[in-house]
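Q: Take this sequence and fold it.
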Amino acid sequence: MKANTLMFSVACLATTAACADARAIEPPAAPTALQPPAGQVLALAAAGSGVQIYECKPTQTDPSRYEWTFKAPEAALADASGHTLGKHYAGPTWESTDGSTVVGEMKAHDAGPDANAIPWLLLGAKSNSGSGVFAHVASIQRLQTTGGKAPATACGKDNAAQVARVPYKAMYYFYTSKP
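A: Predicted structure coming up:
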């Protein structure tokens, strides 16, 4: 009986190790400017789906001219199986269901391959909170974007303060320092 228990334990350990290796996240292909700093490893990938929010406002340089001004993102984050991981909102902030957060600041951007989509970004962590998955995030990539660009409709005095919620999707990759 003890031999069978030992064999079962070894099989479980081997299976667990194989499963862990199979679930390892591979860093995505991205332009050189959007690569995280050396010494960081990919810790989490999340699909973002939601809206980019814009407001029709006078430009800062010429109050007689109006433009769609970005206000904030609003998106749900999910893993590859579609399970909810958290949300993304103004800051820009990513908040996990475990309560941890990371607030980013832009380090680099690239237009990306889709002219009709918001740009790809590399962000550095400006602040972290909590003790969960986002507590130690050092860099974030926004890649594989679709949609989300400012509206093509006119923005002027007649529709000043109008808010537009433009659907978008993106993949977010979260990096931490190597252990």
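
Q: so how many other residues sit close to residue 90?
A: Residues near residue 90, counting by other Cβ atoms under 10 Å, number 11. In this view, the C-beta of every residue, glycine as well, is placed from N, C-alpha and C.

Q: Isn't it up against residue 73?
A: Yes: using Cβ atoms under 8 Å as the test, residue 90 is close enough to residue 73 to be in contact (7.3 Å).

Q: ok, residue 176 - contacts?
A: Counting by Cβ atoms under 8 Å, 6 or more residues apart in numbering, residue 176 touches 40, 41, 43, 136, 137, 138.

Q: Alpha carbons of the helix or strand where the third one lies, as PDB, please.
A: Here residue 43 is covered by strand 40-58, with elements defined by DSSP states H and E. Taking only C-alpha atoms (Å, rounded to 0.1, in the frame of the first residue of the first chain), the coordinates of strand 40-58 have been written out as PDB:
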ATOM      1  CA  GLN A  40      11.900  41.800 -15.700                       C
ATOM      2  CA  VAL A  41       9.900  38.600 -16.400                       C
ATOM      3  CA  LEU A  42       6.300  38.200 -17.700                       C
ATOM      4  CA  ALA A  43       4.100  37.300 -14.700                       C
ATOM      5  CA  LEU A  44       0.500  37.700 -16.100                       C
ATOM      6  CA  ALA A  45      -1.400  38.200 -19.400                       C
ATOM      7  CA  ALA A  46      -4.900  39.600 -19.400                       C
ATOM      8  CA  ALA A  47      -7.400  40.300 -22.200                       C
ATOM      9  CA  GLY A  48      -9.000  43.800 -21.800                       C
ATOM     10  CA  SER A  49     -12.400  44.500 -23.300                       C
ATOM     11  CA  GLY A  50     -14.300  47.700 -22.800                       C
ATOM     12  CA  VAL A  51     -14.300  51.300 -23.900                       C
ATOM     13  CA  GLN A  52     -12.000  54.200 -24.300                       C
ATOM     14  CA  ILE A  53     -13.900  57.400 -23.100                       C
ATOM     15  CA  TYR A  54     -13.500  60.700 -25.000                       C
ATOM     16  CA  GLU A  55     -15.000  64.100 -24.400                       C
ATOM     17  CA  CYS A  56     -15.500  66.900 -27.000                       C
ATOM     18  CA  LYS A  57     -13.600  69.900 -25.500                       C
ATOM     19  CA  PRO A  58     -11.900  73.100 -26.700                       C
END
